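Peer 1: After the sequence you'll find the predicted model.
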Amino acid sequence: MKKVTKEFDKIPTTRIQRASKFIATGAKIGTNYLKHYSKKLVNSETSRDELHNDNARDIYESLSELKGSALKVAQMLSMDKNLLPTAYQQKFAMAQYSAPPLSYPLVVKTFQNYFGKGPNELFDSFTKNAANAASMGQVHQATLNGKKLAVKIQYPGVADSVKSDLAMVKPIALTMFNLNPAEYDEFIGEVELRMTEETDYVLELKRSRELSEKCKHIEDLVFPEYYPELSSQKILTMDWIEGKPLGDVDAASLPNRIGQAMWNFYHFQMHRLKAVHADPHPGNFIITPDQKLGIIDFGCVKVIPKDFYETYFQLMNPNLFDDMKKVEKVFYDLHFIYPDDTAKDRKFFMELFTKLVELLSRPFRSEVFDFSQKEYFETLYGFGEELTNMKELRQSKKARGVRDAIYLNKTYFGLYNILHDLKAKIKISDWK
Amino acid sequence: METTKKSRNTRGSKAPGSTSDKIRAAYVDYLLTNGKQPASVYKFCIDLGIKEESFYSDFGSFDAIEKDIWTSFITKTSRALQSDKAFATFTSRERILSFYYALLEELKNNRSFVLQQIGTFRKPELTPSYLKGFKPVFEDFITLALNQGKSNGEISTRPYIDKIYPQLFWMHFGFIVLYWRDDDSAGFEKTDAAVEKSVNLAFDLIGKGAIDSAFDFAKFLYQSKK
């Protein structure tokens, strides 16, 4: 068998292949910059947008071939529109997390590992092909005792690959997304933690049951029931919710109460439960035939530490800016500014973050806020773009912001975007 | 499958508790405890408390026991799959995948023995002696699954080349076993991923696609030059 070993030694392992994929992308991006600067020599009009377009296409193409947690990171970065130039966003927004589906024999094997039985023995029926892709896995439809069920199965090895994929995405993220290393480490540490949690279906089951139990009183929401006896580390069984994903329906035509339900759902979680469904993505919500909002994926939950809660939500306090001393204190606590900043830096970042906070917390300063306003969102995105291209921010050696805020910001961003798509008019304090 | 059964020099399907089962178990126990074969059949039989002739009526040598154990891994797997009703509805790709998974499961239950066997192999020939009974069953299974794929168009027919597919799958399986040997992930789930991905790749290669078009184009160029 020694000879066999040798022959197989030549086969490149997937990790090396993936790594070389990144290197190839790096080279391509280099060429794009070259193209950009040579064009600029001839024609100084060439805009950075064109360069971003070229780069976004190349990154997107290589990342979509990767189909792992690396793509998820890219998607996350793209959702956080503050961090990304428009060209990147548009490309990445197209990317769906779609690894090749698990083969049916592997699905059977996963069941056998955890239950000692195949899916056909556990359920009355079980579809051989996946109905949907889910975060890091796929969903099959099953029936048991006349009930339609959704069974989520995780890809093998996903948990292990999270860390190595994230390590590989770092060099690209640093240069392409204009992040500084301190910020990146802060960012990626938190992301790694959340993504590792996402691979733990036992934890997801526990959180799903807790959160849906506590939120079920909120009007216009539908939660599936979960089945612990049919779930394990890599398998999660819940009711099948009829309807269409929010991303597949004409959002603007939905009644206003859907948006209000979503707003209430999020604020109830943040303020009462101090733990929040941190993945407001149109694919994670189902519009049922009677036009209610089904909530199906509690894979990514951010638990809000108490101290951080107090500090963070002062930002949303409508009267915050009446007292600039208080503002300064909050900014110190959130690491927007540091005591050892130079006076010039401190002034710069104070002004910058004041503007940002004022903009983001604007909905909280009215009783009813109309999320359909185009001007508001254009200002928001425009300012985000300005931030990405800001030399001072990029060259700052310190991370501006704290890790606990990353997923809350992401949640608010997702929420605002969805409400904008829904053209919802939200009663801000309705959740109380 | 019948031919391979005949070629086996034992009657492994005897009732449980038979002498041959006892010999097999005692042999594996000795091998794994001492890390080597017993000094002689004579000594082995005394320790086991059986007559030497009853050993020889079941096995010709210690090597024959090893061969028999390996063969039983694969016949058991193959029989279990054939008797599964769902299996008949599977595509060729799914058949081979479930074959690999079931076989690895069987090997997993005997991992110490398998590792001992793979570890001691020294001779630079492709098929070790203990796999002599295993390999034909393996190739039969693959051939059958591939023929089904050919008849339903899942696999493209390529004269001459497709004859060596079973041999390639055999080498591929060697790769998987070696991967599994070095796999330290929980529940060997990395091996599962390796099986999934490599079999998918294999089927993309033997299915109708770029390779056929390349052949076709090369043939065209060659013929049009004449």
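Peer 2: Thanks, I have it. Small disclaimer: the values here were computed from a predicted structure and weren't measured.
Peer 1: All the helices of the stretch 301-432 of chain A, residue numbers only.
Peer 2: A:306-314, A:324-333, A:343-360, A:374-388, A:391-395, A:403-422 (DSSP state H, counting those that start in this stretch).
Peer 1: what's the answer for chain B, then?
Peer 2: B:2-7, B:19-34, B:41-48, B:52-58, B:62-82, B:92-109, B:111-120, B:134-151, B:165-182, B:189-206, B:210-225 (DSSP state H).
Peer 1: related to what we said a few turns ago, most tightly packed of the helices of the stretch 301-432 of chain A?
Peer 2: helix A:403-422 (a mean of 20; mean count of other C-beta atoms under 10 Å in any protein chain shown). All C-beta spots, glycine's among them, are computed from the backbone N, C-alpha and C.
Peer 1: Distance from the chain centre to it, please.
Peer 2: 9 Å (C-alpha atoms, centre = their mean, to the nearest Å).
Peer 1: now it against helix A:343-360, angle please.
Peer 2: 40 degrees (axes from the mean of the first three to the mean of the last three C-alpha atoms, to 10 degrees).
Peer 1: among the helices of chain B, which is nearest A:G116?
Peer 2: helix B:92-109 (11.6 Å; C-beta to C-beta).
Peer 1: hey, least reliable of the helices of the stretch 301-432 of chain A by pLDDT?
Peer 2: When the helices of the stretch 301-432 of chain A are ranked by mean pLDDT, helix A:391-395 comes last with a mean of 69.
Peer 1: Adding distance to chain B, write the helices of the stretch 301-432 of chain A out as CSV.
Peer 2: Converted to CSV, those look like this (distance: least, C-beta to the nearest C-beta, whole Å):
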stretch, distance to chain B
helix A:306-314, 33
helix A:324-333, 40
helix A:343-360, 41
helix A:374-388, 36
helix A:391-395, 38
helix A:403-422, 27
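Peer 1: Make JSON lines out of those and add distance to A:N284.
Peer 2: Shown next, in JSON lines, are the helices of the stretch 301-432 of chain A (distance: least, C-beta to C-beta, whole Å):
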{"stretch": "helix A:306-314", "distance to A:N284": "23"}
{"stretch": "helix A:324-333", "distance to A:N284": "31"}
{"stretch": "helix A:343-360", "distance to A:N284": "22"}
{"stretch": "helix A:374-388", "distance to A:N284": "21"}
{"stretch": "helix A:391-395", "distance to A:N284": "31"}
{"stretch": "helix A:403-422", "distance to A:N284": "9"}
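Peer 1: which parts of chain B sit against chain A?
Peer 2: B:86, B:90, B:93-94, B:97-98, B:101, B:105, B:118, B:121-122, B:124-126, B:128, B:171, B:174-175, B:178, B:185, B:187, B:189-190, B:192-193, B:195-197, B:199-200 (C-beta under 8 Å from any C-beta of the partner chain).
Peer 1: again, only using 6 Å
Peer 2: By C-beta under 6 Å from any C-beta of the partner chain, the residues of chain B that approach chain A are B:94, B:97-98, B:101, B:121, B:124, B:174-175, B:189-190, B:192-193, B:196.
Peer 1: circling back: need the least confident one among the helices of chain B, by mean pLDDT.
Peer 2: helix B:2-7 (a mean of 40).
Peer 1: thinking again about what came up before, just tell me which of the helices of the stretch 301-432 of chain A ends up closest to B:G149.
Peer 2: Nearest to B:G149, of those and by C-beta to C-beta, is helix A:403-422 at 44.6 Å.
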